[in-house]
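K.L.:
Generate a structure from the sequence data that follows.
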Amino acid sequence: MAFDVDGVRRVVGRLMDDKLEAWRDSAGRTDDVLDETTGKLVPPTPDEELVWDGLGAVMPLGRPAITQPVEGAVAVEPPTTDYQAVLPVDAPALRRDDVIRVAGSVRPGGPRDPLLIGRRFRVSDEAVGTYSVVRIVRVQVIG
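P.N.:
I've put the predicted structure just below:
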C-alpha cells in the first residue's frame with residue numbers, strides 16, 4: 001500500500017488556518033544605537049523585514065503521551081510560553097530570533113484561539129522538524 005502524501009497534505013492543510021507573518025531583523029543587534037540616557041540599545045525604525053506570509057498554525061506545544069507518572073514523581077513540563085508554529089514545507093527556513101506574528105484567521109466560524117490574533121512569537125528552535133508537507137518550529141510568546 002502506497003503512502004498518500006496528497007491525502008496528508010489535505011488534512012494538514014485544514015489545520016493551517018492562521019494567517020502568519022514571519023519577520024527578520026537582518027542586521028541583528030549590530031545596527032542598534034545606545035540611548036545614553038537610559039543605557040539601553042534602541043533598534044532603528046524600521047528594523048525588521050517581512051520574509052514570509054501565508055497560512056500556517058500556531059498552537060501550544062504538545063506533550064508526548066508516553067506513560068502515566070509514577071505516584072509521587074515530579075514531572076517537568078514545558079513553560080507555558082512554548083508554542084509550535086506549523087508552516088508549509090515551502091515556507092522559507094526560519095532562524096532563531098525571527099518573529100512570527102498571527103495576523104488573522106481564515107477558519108470558518110472564527111479562529112481556533114482568538115487570543116492569539118495579533119500576538120508575536122520569537123523562534124526559539126528552528127529545527128523541531130521538517131516533514132513531507134510541513135515544517136515545525138518552536139516559538140515563545142513575546143507580545
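K.L.:
Where does the prediction get shaky in this structure?
P.N.:
Using pLDDT under 70 as the threshold, the predicted model of the chain has low-confidence ranges 1-14, 27-31, 46, 62-81, 129-131.
K.L.:
quick one, helices of it?
P.N.:
5-15 (DSSP state H).
K.L.:
which residues touch stretch 87-99?
P.N.:
Contacts made with stretch 87-99 from outside it, assessed by C-beta atoms under 8 Å, 6 or more residues apart in numbering, are listed as 16, 20, 22-25, 28, 48, 51-52, 54-56, 100, 120-126, 130-137, 142. Every residue, glycine included, has its C-beta placed from N, CA and C.
K.L.:
Repeat that for stretch 19-28.
P.N.:
Under the contact criterion C-beta under 8 Å, 6+ apart, stretch 19-28 has outside partners 43, 47-56, 58, 85, 87, 91-92, 94-95, 97-106.
K.L.:
Val141 is in contact with Gly118, isn't it?
P.N.:
No - with contact taken as C-beta atoms under 8 Å, Val141 and Gly118 are classed as non-touching, separated by 11.7 Å.
K.L.:
Looking at the two, which one has more neighbours?
P.N.:
Relative neighbour count places Val141 above the other of Val141 and Gly118, with 15 against 11, counting by other C-beta atoms under 10 Å.
K.L.:
Contact partners for that one?
P.N.:
Val141 neighbours (C-beta under 8 Å, 6+ apart): 81, 83, 119-121.
K.L.:
Pull out the buried residues from the residues you listed.
P.N.:
Restricting these to buried positions leaves 83, 119, 121, with burial counted as 16 or more other C-beta atoms under 10 Å.
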